[in-house]
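Chemist: Mind folding the following:
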Amino acid sequence: MLKILVTGASGFVRKPLVERLIDYGHKVVAFDKRRSNLGIEFIQGDLRSFDFDDILGDVDIVFHDQNLFRD
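Modeler: Predicted coordinates:
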C-alpha cells in the first residue's frame with residue numbers, strides 16, 4: 001500500500017483517479033481548495049500559499065494536477 005497525495009482531488013478528472021487508487025488499496029490524501037465528500041483524509045489549501053514540507057515526508061507518490069486559474 002502506498003500513501004498518495006492528489007492535488008485538485010475533488011475535480012472532474014481527479015475524483016475518478018482518487019476512487020480508483022482507493023479501490024487498489026492505497027491510502028489517498030486529497031488536497032484541494034474546495035471541500036469535497038471523498039471520505040478520505042482531506043487537506044484544504046491553496047497551492048500558491050501552502051507549505052507542503054509537513055505532509056510530504058511520508059508520501060510515496062504525488063499526482064499534481066490542480067488548476068491555479070480558477071477561484
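Chemist: heading toward the C-terminus, what's the first helix or strand past the strand or helix carrying residue 17?
Modeler: Using DSSP states H and E, residue 17 sits within helix 14-23. Scanning forward in sequence from helix 14-23 by DSSP H and E, the next helix or strand is strand 27-32.
Chemist: Could I get the full set of strands for the protein?
Modeler: In the chain, the strands defined using DSSP state E lie at 3-7, 27-32, 41-44, 61-63.
Chemist: list the helices and strands the helix holding residue 17 packs on?
Modeler: Judged by 3 or more Cβ pairs under 8 Å, 6 or more residues apart in numbering; DSSP states H and E, helix 14-23 is in contact with strand 3-7, strand 27-32. (C-beta placed from N, C-alpha, C; glycine too.)
Chemist: Now distance to residue 57 too, for those, in JSON lines please.
Modeler: Converted to JSON lines, these look like this (distance: least, Cβ to Cβ, whole Å):
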{"stretch": "strand 3-7", "distance to residue 57": "10"}
{"stretch": "strand 27-32", "distance to residue 57": "12"}
